[in-house]
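Participant: Pasted the sequence and its predicted model underneath.
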Amino acid sequence: MRIKLLTVFLFFIGLNSWAQDRYMVFFTDKIGSPYSVQSPEDFLSERALKRRENQQIEITEQDLPISPVYRQGLKSIGAEVYFSTKWMNGCLVQMDENEAMAVQSLPYVTKVELVAPNAPLSYASEKNEDPLPGSNNLASFQQSMLAIDLMHSYGFYGEGMLIAVFDDGFQNLNQLSAFDHLFLDNRLLYTFDFVNNRVNVENGEDHGTRVLSIIAASEANYTGAAPHASFILSVTEAPLEYRIEEYNWLFAVEKADSAGVDIINTSLGYKTGFSDPSMNYADIELDGKTAVITQAANMAASKGILLVNSAGNDGDLVSAPADSPNVLAVGAITADSVLVGFSSRGSNTVDAFKPDIVAQGAGTSLITSTGNYAAQNGTSFSSPLIAGLAAGVWQAYPSKSAEELREMIKLSGNMANTPDNLYGYGIPSFARIIENERGIYSGNKPIYTAFPNPTFDHIQMSFSSEYFGQQLTIQLIRGNGSLKKEFLYIPFEARNPLQIDLPESGLYFIRVMSKSESTTRKIIKY
């Protein structure tokens, strides 16, 4: 007999059995879905399909929309259904306690989870800012640390890339001259507020406006890191902290995936401080796979999306989803390249340095919702610098996968040979990326890269083009040193990448040997 789970946290103050709360409802399967993996064009955009094709990512049942039969079943009980998740196979509903019990009894429901009480939402916030005088590009110094100025001189401003920014609001977006080009050139593809269920994202908070300016602004005194990219803007963060915000992020990332997004920047994170303390994450849960938002990030990465996230401002372990091994977690440094005290560091993720990299997050120049220039602090503002860098790099190297791009950025760090849990791989640089790709800076290029790593089932191996046509010996070695498998393989472009299934959870090594070179990488299977 199948056991059903009902996760219920009772809030007695000001609530009764008829209170309308918000729940996530999860389903057993997708029976009744009118969609098929054989016709993905029915539920994924052409751009999304192209991204998967370019990175040789398979369309699976996970990509199918939820069953409309199950959705209607919830409505027939009286539940108000809002957003759905394909990847976790569920939906967000609002209902009272009696309806929740009825939903729990449905044969196709596996779990009902309370994610937020029906608390009133309000927007009220004041920001401290240090005004900056107008001058030539105020973002030039923070960008030059990453050689973004060199990237721009090569003509790489993110053109052709689609970046999503998830935040708490983009106040006055349509009133600021710094963003006029996004509207005039139709490069703001869509906006949506998942907190208030509306298209408008310009009411409410302005944290997202400031973050976006670092990537996208373009005016006389300020040029963002990737102002020629196209954008998707989503509000996922609410004033009151509940688990629902992580699911809002999941809904937003799935919608962005369907639209064909390349890069997602999130200057938010979750660990402790929830309005309901029972929703807080213990340190041991910051392991790259447990938090709801981290699970969602891992799924997004498996679709070929590059995820860039602020490490957090707590000065201790990074927040979720920055703990994911598939997310570029960005710490904060000063203009003198010194780690800022508030920059979070470390995680319980196996064999991962967190943050992955760092960028200026103290005195970062940006544009506020009033149109003023300001210098502000936070890993929130180092993350968009990296997202902008990534857009230019991907424009320069369009054949790279998201996994390869993430590794390129990490290995361009000034501490790539000696990474740690303070600076990660250090300060990345477009100049070093070019040098690495030419084989100048890092010496011989590795024979292969492996992704995703860690993984839940299999890994894919992508081989360096200089080894196409060469016979290679591939060894799969268990963590205890015993040889599990050995075979010969000849890579060439048409059959790249190679998939290897890992039989059991644990530590592995994959060694690839050519006639003159050898590359060994550590692989973790959960």
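Facilitator: Alright, I've got the coordinates.
Participant: Now do stretch 370-383, average pLDDT.
Facilitator: Averaged across stretch 370-383, pLDDT comes to 94.
Participant: can you pull the buried residues of that stretch?
Facilitator: Tyr373, Ala374, Ala375, Gln376, Asn377, Gly378, Thr379, Ser380, Phe381, Ser382, Ser383 (16 or more other CB atoms under 10 Å). Backbone N, C-alpha and C define where each C-beta goes, glycine included.
Participant: measure that stretch end to end?
Facilitator: Start-to-end span of stretch 370-383 (CA to CA, to the nearest Å) is 22 Å.
Participant: and what of stretch 76-87?
Facilitator: End-to-end distance for stretch 76-87: 24 Å, by CA to CA.
Participant: swap in stretch 45-59?
Facilitator: So stretch 45-59: terminal residues 13 Å apart, CA to CA.
Participant: what's in contact with it?
Facilitator: Here stretch 45-59 makes contact (CB atoms under 8 Å, 6 or more residues apart in numbering) with 37, 40-41, 44, 162, 257-260, 262, 302-305, 399, 401-402, 460, 496-497.
Participant: Okay, buried residues for that stretch please.
Facilitator: Residues Ala48, Arg51, Arg52, Gln55, Ile57, Ile59 are the ones in stretch 45-59 that count as buried (16+ other CB under 10 Å).
Participant: sorry, back to before: among the buried residues of stretch 370-383, which lie within strands?
Facilitator: When DSSP state E is applied, these are split such that Tyr373, Ala374, Ala375, Gln376 fall in strands.
Participant: Pull out the buried residues from the contacts of stretch 45-59.
Facilitator: Applying 16+ other CB under 10 Å to the contacts of stretch 45-59 flags 40, 44, 162, 257-260, 262, 302-305, 401-402, 460, 496-497 as buried.
Participant: Strands - which of these land there?
Facilitator: Per DSSP E, those map to strands at Leu162, Gln460.
Participant: Flag the shaky bits of the stretch 301-450 of the chain, pLDDT-wise.
Facilitator: 439-446 (pLDDT under 70).
Participant: on that earlier part again, most widely separated two among the buried residues of stretch 370-383?
Facilitator: Tyr373 and Thr379 (20.4 Å; CB to CB).
Participant: quick revisit: between the buried residues of stretch 370-383, which sits nearest Phe27?
Facilitator: For the buried residues of stretch 370-383, the nearest to Phe27 is Ser383 (33.8 Å; CB to CB).
Participant: got the contact list for the closest one?
Facilitator: Contacts of Ser383 by CB under 8 Å, 6+ apart are Val211, Asn265, Thr266, Ser267, Val308, Asn309, Ser310, Val330, Ala359.
Participant: Which two of the residues you listed have the greatest separation?
Facilitator: It's Thr266 and Ala359 that sit farthest apart of the contacts of Ser383, by CB to CB, at 14.9 Å.
Participant: For the residue positioned nearest the centre of the chain, give me phi and psi.
Facilitator: Centroid-nearest residue in the chain, with CA atoms, centre = their mean: Leu307, separated by 3.0 Å. With angles defined as degrees, to the nearest 10, Leu307 sits at phi -110, psi 130.
Participant: Any regions of this structure where pLDDT drops low?
Facilitator: For the chain, the stretches with pLDDT under 70 are 1-18, 119-137, 439-446, 480, 494-496.
Participant: Which parts of the stretch 101-250 of the chain are strands?
Facilitator: For the stretch 101-250 of the chain, the strands defined by DSSP state E, counting those that start in this stretch occupy 109-116, 130-131, 162-167, 188-193, 218-219, 222-223, 230-235.
Participant: Distance to Val253 added to these, as TSV?
Facilitator: Supplementary listing: the strands of the stretch 101-250 of the chain in TSV, determined by distance: least, CB to CB, whole Å:
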stretch	distance to Val253
strand 109-116	16
strand 130-131	33
strand 162-167	8
strand 188-193	12
strand 218-219	26
strand 222-223	28
strand 230-235	9
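Participant: who wins for proximity to Val338 among those strands?
Facilitator: Shortest distance between Val338 and these, using CB to CB, is found for strand 130-131: 18.5 Å.
Participant: Kindly report the domain assignment for the protein.
Facilitator: 5-30+66-116, 132-438, 448-525 (automatic domain parsing).
Participant: Could you identify which of these is most buried?
Facilitator: Ranked by mean neighbour count under mean count of other CB atoms under 10 Å, the domains of the chain are led by domain 132-438, which reaches a mean of 22.
Participant: got the CA positions of the strand or helix carrying Asn98 in PDB?
Facilitator: Per DSSP states H and E, Asn98 falls inside helix 97-104. The C-alpha trace of helix 97-104 is given here as PDB (Å, rounded to 0.1, in the frame of the first residue of the first chain):
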ATOM      1  CA  GLU A  97      -7.400  22.400   5.600                       C
ATOM      2  CA  ASN A  98     -10.400  20.300   4.700                       C
ATOM      3  CA  GLU A  99      -9.700  20.600   1.000                       C
ATOM      4  CA  ALA A 100      -6.100  19.700   1.700                       C
ATOM      5  CA  MET A 101      -7.200  16.500   3.400                       C
ATOM      6  CA  ALA A 102      -9.400  15.600   0.400                       C
ATOM      7  CA  VAL A 103      -6.600  16.300  -2.000                       C
ATOM      8  CA  GLN A 104      -4.300  14.000   0.000                       C
END
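Participant: got the angle for that helix vs strand 109-116?
Facilitator: 150 degrees (axes from the mean of the first three to the mean of the last three CA atoms, to 10 degrees).
Participant: Which secondary structure elements does helix 97-104 sit against?
Facilitator: Using 3 or more CB pairs under 8 Å, 6 or more residues apart in numbering; DSSP states H and E as the contact test, the elements touching helix 97-104 are strand 5-7, strand 21-27, helix 68-77, strand 109-116.
Participant: how about the ones you listed in CSV, adding distance to Leu138?
Facilitator: Formatted as CSV, the helices and strands packed on helix 97-104 follow (distance: least, CB to CB, whole Å):
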stretch, distance to Leu138
strand 5-7, 48
strand 21-27, 41
helix 68-77, 49
strand 109-116, 39
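Participant: Which one, of these, ends up nearest to Val199?
Facilitator: Closest of the helices and strands packed on helix 97-104 to Val199 is strand 21-27, at 20.2 Å (criterion: CB to CB).
Participant: can you pull out the strands in the stretch 401-526 of the chain?
Facilitator: Under DSSP E, counting those that start in this stretch, the stretch 401-526 of the chain gives strands at 448-451, 458-463, 472-478, 483-489, 498-501, 506-513, 518-525.
Participant: contacting residues for Gly32?
Facilitator: Ser67, Pro68, Val69, Tyr70 are the contacts of Gly32 under CB under 8 Å, 6+ apart.
Participant: mind checking how far the third one is from Pro277?
Facilitator: The spacing between Val69 and Pro277, counted by CB to CB, to the nearest Å, is 38 Å.
Participant: From the chain's centroid, how far away is stretch 65-73?
Facilitator: The chain centroid and the centroid of stretch 65-73 are separated by 27 Å under CA atoms, centre = their mean, to the nearest Å.
Participant: so who does the closest residue to Pro491 other than its chain neighbours touch?
Facilitator: Leaving aside its sequence neighbours, Pro491 sits nearest to Phe463 (CB to CB, 6 or more residues apart in numbering; 3.9 Å). Residues in contact with Phe463 (CB under 8 Å, 6+ apart) are Ile447, Tyr448, Leu472, Pro491, Asn496, Pro497, Leu498.
Participant: Quick check: bridge partners of Phe463?
Facilitator: Tyr448 (DSSP bridges).
Participant: So it versus Arg438, what's the distance?
Facilitator: 18 Å.
Participant: That concludes my questions; thank you for your assistance.
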